[in-house]
Each structure stands twice: as C-alpha cells, then as structure tokens.
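J.: predicted model and sequence follow; I will ask about them next.
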Amino acid sequence: MFAFRMIDRSGVPAYLQLVDQVRRGLLLGHLQEGDQLPTVRAVASELVINPNTVAKAYRELEHAGLAAARAGQGTFVTGSIEQVPAATYARLSGRLRQWLADARGAGLAPEQVRAMVEAVMDDEQHRETA
C-alpha cells in the first residue's frame, strides 16, 4: 500500500504535501487508478498529524478528480495523470541524483536546491513561450 512521508521543515502545509505525494505517485506509476489509499486514521497515526489534515488532503484529491471516497470501503484513486516512462525515469533520475550529490557537495541546503531548480524551470518555460 502507498505510504506517505512528512517533511516538517519544508514550509509546505501537511495536507498539500499529501496531495503532492499522490500526484507524484500517479506521475511515476507508483499509484494507478483503482488503488486504495491508506485510511485517514492510518495516515494520521503513522505521520502523527491531525486526522482533519488527512481528510482535507483527501477532499482536495477528490476535488481534483484524482480520488473518491467509497462509503465503508475507503478512498480510492479514480483519476490518472500521464506517467513518466520507466526507462526515462531510470535514466534521468540517475543523472539528477548525481546533480543533487554535486549540489550537496557544494554546500547547498535543500531550499537552495529547490530554488535553483524552480528558477531554471521558470527560465526554460519563459524561453519556450517567448
């Protein structure tokens, strides 16, 4: 079953971290339409967060058309997102891991790495639309 993680110092609200993890799971093929998500109670207990936070994330997923609650059964993935092909993921994730190791070696903090990645992505998007 799918397992969530929480990054306390990310600055991202807990419910959005859960939503993002489901989206990422769909993009990378770790989740498929029809898969059951862990119960609200199980996620709250595992991550030591308020059950209302988990419920909010699941409502957000429902609103996005990616999940649906079934009375007495749980919450299930109902939507799909175009997945990254497995071979592409394997090839590019290896290169990205090396880049992240280089960034760590240069003394960059995770927030600095995220800022760099977002800046480069924004620059590329701007170049493509210009």
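T.: Noted; the coordinates are in hand.
J.: which residues outside stretch 10-27 are in contact with it?
T.: For stretch 10-27, the external contacting residues (CB atoms under 8 Å, 6 or more residues apart in numbering) are 2, 4-7, 30-32, 37, 43, 47, 49, 53-54, 56-58, 60-61, 64, 66-67, 77, 79-84, 111. Backbone N, C-alpha and C define where each C-beta goes, glycine included.
J.: show me which of these are buried.
T.: 4, 6, 31, 37, 43, 47, 49, 53-54, 56-58, 60-61, 66-67, 77, 81 (16 or more other CB atoms under 10 Å).
J.: in helices, which of the contacts of stretch 10-27 appear?
T.: 43, 47, 53-54, 56-58, 60-61, 111 (DSSP state H).
J.: of these, which pair is most distant in space?
T.: Tyr58 and Glu111 (27.8 Å; CB to CB).
J.: domains of the protein?
T.: Domain assignment for the chain by automatic domain parsing gives 8-77, 86-129.
J.: from those, which stretch is densest packed?
T.: domain 8-77 (a mean of 16; mean count of other CB atoms under 10 Å).
J.: from Leu28, how far out is the nearest residue to Glu33 once chain neighbours are set aside?
T.: Using CB to CB, 6 or more residues apart in numbering and skipping residues adjacent in sequence, the residue nearest Glu33 is Ser80, 5.0 Å away. In this view, Ser80 and Leu28 are 12 Å apart by CB to CB, to the nearest Å.
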